[in-house]
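1. The following comprises the amino acid sequence and a computationally predicted model.
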Amino acid sequence: MTLLDTLSDLLGPQGLLTAPADMSRWAQDWTGNYTSLPLAVARPMSTAQVASVMTACHAARQPVVPVSGNTGLNGGAAAQGALVVSLDRMTTIRSIDTGSRSAEVEAGVILSRLHDAAADHDLIFPLTFGARGSAMIGGVLSTNAGGSNVLRYGNTRDLVLGLTAVMADGRVMDLMGRLHKDNSGLNLKHLLIGAEGQLGIITAATVKLFPKPRAYATAMVAAASLDAALTLLHRVQDATGGAVEAFEFMPAAFIAGHLRVVAGARPPFAQPHDVNILIEVGATAPRDATPLPDGSIPVVTLLEDTLAQMMEDGLILDAVTARSDTQRREMWARREAAAEITFARRPFVDTDIAVALPDVATFLTEARRRLLILDPAASDLSVAHLGDGNVHYTAYPSRDDASLKAAIREMVEDVVQDLHGSFSAEHGVGISKLGSMARRKDPVALDAMRAIKDALDPLGLLNPGKTIPR
């Protein structure tokens with residue numbers, strides 16, 4: 001029997017796709033930058049089936065690319081000639097445990113569905129970003145996704161208590177559990193999270209849940225500068241005991257792009273401003289969230305009082321507080337349209353960097369200065385999780401020239417390196433940042449990564465040609 005015959009017997013007629021038309025949704029990434037023709041698409045329905053698939057592929061020395069929602073931006077799911085192992089049929093939310101405030105979920109669970117399931121118990125899974133309606137838990141863990149609430153709750157890695165993974169040879173590593181402390185040797189769970197499928201295929205996880213905020217205070221703020229915006233962040237953090245959930249920076253060019261690209265979009269203020277901030281505070285304590293006799297909500301009043309004082313100080317130029325869920329959703333829709341806005345123009349060079357909070361302004365100024373030296377007719381666009389220093393910086397060169405785009409990417413790396421930052425913050429490495437890894441990652445760290453990869457996947461079958469430069 002051929003490998004495909006074996007897989008067909010294992011998975012059944014709906015579990016193995018071989019026709020190009022049937023595989024089309026796995027043949028291109030969301031950005032359209034990476035296209036490929038897989039050997040086939042395997043769609044197992046359980047960890048045991050994933051293990052059987054990997055056992056067969058290991059015996060046949062067949063490369064495998066694990067895929068969940070296929071919403072990545074760096075080519076991490078490109079699969080030319082490889083077998084795609086899609087986790088999209090592993091969709092069970094096995095349990096919501098209110099006692100431990102945790103959920104056990106399979107890798108194909110869509111992020112927004114987990115949000116809804118947690119909300120039914122007055123809990124939240126706090127990881128959120130624009131692709132939450134299509135991104136799946138397996139991919140979220142494999143890229144150590146970030147999002148808008150990292151400021152309060154941390155990256156994906158911080159939200160995982162346990163996981164199950166199938167190794168390259170088909171063995172199952174069971175690290176599931178609900179423990180907050182486990183010091184029994186190397187932290188293999190954290191090694192698998194963020195590895196982009198290089199070390200194993202994550203099939204299930206136990207994730208942390210948190211109390212659902214009883215009230216939100218959400219506002220759009222026009223700050224006099226990025227330094228003034230950080231002053232706002234620190235003042236509200238101090239006043240609320242660290243309850244700021246999101247602090248998102250949208251410069252004037254981003255707002256203009258939103259108005260241009262999104263039908264029906266409205267500006268946040270009557271007049272345009274250079275520094276536009278979306279701030280959100282989540283209140284879980286009744287004292288902060290229970291309406292007073294006059295109808296006011298303490299956490300909203302606190303935010304408004306802080307904004308008023310900073311306006312008197314000249315640090316804030318304008319502010320609008322959400323007075324309803326509709327207004328709050330409109331503010332968030334503006335920020336969550338970032339991918340649509342960014343990729344509406346071509347050619348582009350998209351980057352995902354992190355620097356220390358006080359260095360964000362320096363990065364943006366210096367990157368633009370050097371961009372115009374490389375290409376005087378170029379333009380740029382940025383949007384940032386300002387509270388954690390993560391900037392999504394996109395350059396638009398005046399011509400679709402591979403050498404120019406490479407030079408722009410290296411220029412961004414130079415600026416980041418000068419500021420002791422990271423060239424990859426939350427989107428993973430995939431294919432697009434392989435060159436950056438080779439140029440910028442500490443060589444001893446790269447050797448350690450290669451050694452781990454070779455130890456766990458000596459045949460190099462899992463997601464070959466990605467993440468770790470050989």
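-> Arrived safely.
2. so what's Ser46 closest to, chain neighbours aside?
-> Closest residue to Ser46 apart from its sequence neighbours, by Cβ to Cβ, 6 or more residues apart in numbering: Met90 at 6.9 Å. C-beta coordinates here come from the backbone N, C-alpha and C atoms, glycine included.
3. quick one: secondary structure of Gly197?
-> Of the three states, Gly197 takes coil under DSSP: H, G, I helix; E, B strand; the rest coil.
4. quick one: contacts for it?
-> Residues near Gly197 by Cβ atoms under 8 Å, 6 or more residues apart in numbering: 65-66, 76, 142, 462-463, 466.
5. now the end-to-end length of stretch 3-22.
-> Stretch 3-22 has an end-to-end distance of 19 Å (Cα to Cα, to the nearest Å).
6. same check, this time on stretch 424-440
-> 11 Å.
7. And stretch 458-470, by the same measure?
-> Start-to-end, stretch 458-470 (Cα to Cα) is 13 Å.
8. quick one, phi/psi of the residue nearest to Pro211 when sequence neighbours are not counted?
-> Setting aside the residues directly before and after it, Pro211 is nearest to Thr284 in space (Cβ to Cβ, 6+ apart), at 4.7 Å. Backbone torsions of Thr284, given as degrees, to the nearest 10, read phi -100, psi -20.
9. and what of Thr143?
-> Per-residue torsions, Thr143: phi -100, psi 0 (degrees, to the nearest 10).
10. Strands of the stretch 1-150 of the chain, start to end?
-> 16-17, 40-42, 64-67, 83-86, 93-97, 102-106, 123-124 (DSSP state E, counting those that start in this stretch).
11. nope, the stretch 351-470 of the chain is what I was after
-> 379-385, 390-396.
12. For those, give me CSV that also has mean pLDDT and distance to Leu303.
-> Shown next, in CSV, are these (pLDDT from 0 to 100; distance: least, Cβ to Cβ, whole Å):
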stretch, mean pLDDT, distance to Leu303
strand 379-385, 97, 19
strand 390-396, 98, 23
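13. Now render those strands as a markdown table, adding distance to Phe129.
-> A markdown table is the format used below for those (distance: least, Cβ to Cβ, whole Å):
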| stretch | distance to Phe129 |
| --- | --- |
| strand 379-385 | 10 |
| strand 390-396 | 11 |
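14. Now tabulate these in TSV and tack on mean neighbour count.
-> Converted to TSV, the strands of the stretch 351-470 of the chain look like this (neighbours: other Cβ atoms under 10 Å):
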stretch	mean neighbour count
strand 379-385	22
strand 390-396	23
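15. Quick check: which of these is nearest to Arg25?
-> strand 390-396 (25.2 Å; Cβ to Cβ).
16. Domain ranges for this protein, per the record?
-> Here the domain assignment for the chain is 3-86, 93-211, 215-334, 345-430, based on automatic domain parsing.
17. Is it possible to get a markdown table of the ones you listed that adds distance to Ala445?
-> Shown next, in a markdown table, are the domains of the chain (distance: least, Cβ to Cβ, whole Å):
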| stretch | distance to Ala445 |
| --- | --- |
| domain 3-86 | 19 |
| domain 93-211 | 13 |
| domain 215-334 | 30 |
| domain 345-430 | 12 |
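18. circling back to that earlier point, I'd say the residue nearest to Pro211 and Thr240 touch.
-> No - with contact defined as Cβ atoms under 8 Å, Thr284 does not count as touching Thr240 (10.6 Å).
19. Neighbour count for these two, which is higher?
-> Comparing Thr284 with Thr240 by other Cβ atoms under 10 Å, the one with more neighbours is Thr240, at 20 against 15.
20. Need the pLDDT of that one.
-> Thr240 carries a pLDDT score of 94 in this model.
21. Quick one: the strands in the stretch 201-350 of the chain, in order.
-> 201-208, 210-211, 215-223, 244-251, 275-283, 316-321, 349-354.
22. Dump those to CSV, plus mean neighbour count.
-> Converted to CSV, the strands of the stretch 201-350 of the chain look like this (neighbours: other Cβ under 10 Å):
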stretch, mean neighbour count
strand 201-208, 26
strand 210-211, 14
strand 215-223, 24
strand 244-251, 24
strand 275-283, 25
strand 316-321, 19
strand 349-354, 23
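23. list the contacts for the residue sitting nearest the centre point of the chain?
-> By Cα atoms, centre = their mean, the chain has its centre lying nearest to Ala145, at 3.4 Å. If you count contacts by Cβ under 8 Å, 6+ apart, Ala145 has them with 127, 129, 135, 139, 155-156, 426.
24. Any of these buried? List them.
-> Among those, the ones that count as buried by 16 or more other Cβ atoms under 10 Å are 127, 129, 135, 139, 155-156, 426.
25. Okay, and which of these map to helices?
-> Those of the buried ones among the contacts of Ala145 mapping onto helices are Gly139, per DSSP state H.
26. I'd guessed Leu16 sits against Ala42; true?
-> Yes - counting by Cβ under 8 Å, Ala42 is a contact partner of Leu16 at 5.7 Å.
27. Which neighbours do these two have in common?
-> Common neighbours of Leu16 and Ala42 (Cβ under 8 Å, 6+ apart) are Leu7.
28. Most neighbours of all the contacts of Gly197, which one?
-> Ser142 (33 neighbours).
29. unless I'm mixing things up, that residue is touching Ala195, no?
-> Yes - here Ser142 reaches Ala195: they are 6.7 Å apart, a contact under Cβ under 8 Å.
30. that older thread, what's the most buried one of the strands of the stretch 1-150 of the chain?
-> Among the strands of the stretch 1-150 of the chain, strand 64-67 has the highest mean neighbour count (mean count of other Cβ atoms under 10 Å), at a mean of 28.
31. That strand - contacts with which helices or strands?
-> Judged by 3 or more Cβ pairs under 8 Å, 6 or more residues apart in numbering; DSSP states H and E, the packing partners of strand 64-67 are helix 47-60, strand 83-86, helix 137-142.
32. Those into JSON lines, with extra columns for distance to Ala205 and mean pLDDT?
-> Formatted as JSON lines, these follow (distance: least, Cβ to Cβ, whole Å; pLDDT from 0 to 100):
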{"stretch": "helix 47-60", "distance to Ala205": "12", "mean pLDDT": "98"}
{"stretch": "strand 83-86", "distance to Ala205": "17", "mean pLDDT": "98"}
{"stretch": "helix 137-142", "distance to Ala205": "6", "mean pLDDT": "96"}
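33. can you pull out the helices in the stretch 301-450 of the chain?
-> Taking DSSP state H, counting those that start in this stretch as the test, the helices found in the stretch 301-450 of the chain are 325-336, 338-342, 360-374, 402-418, 434-440, 443-456.
34. Val140: neighbouring residues, count only.
-> When neighbours are counted by other Cβ under 10 Å, Val140 comes out with 31.
35. Got the confidence number for the residue nearest to it when sequence neighbours are not counted?
-> By the measure of Cβ to Cβ, 6+ apart, the closest residue to Val140 outside its immediate chain neighbours is Thr156, 5.6 Å from it. Reported pLDDT at Thr156 in the predicted model: 95.
36. Thr156 contacts Leu141, correct?
-> Yes - in this structure Thr156 lies within contact range of Leu141 using Cβ under 8 Å: 5.9 Å.
37. thinking again about what came up before, find the one among the helices of the stretch 301-450 of the chain with the highest mean neighbour count.
-> By mean count of other Cβ under 10 Å, the helices of the stretch 301-450 of the chain have helix 338-342 as the most buried, with a mean of 20.
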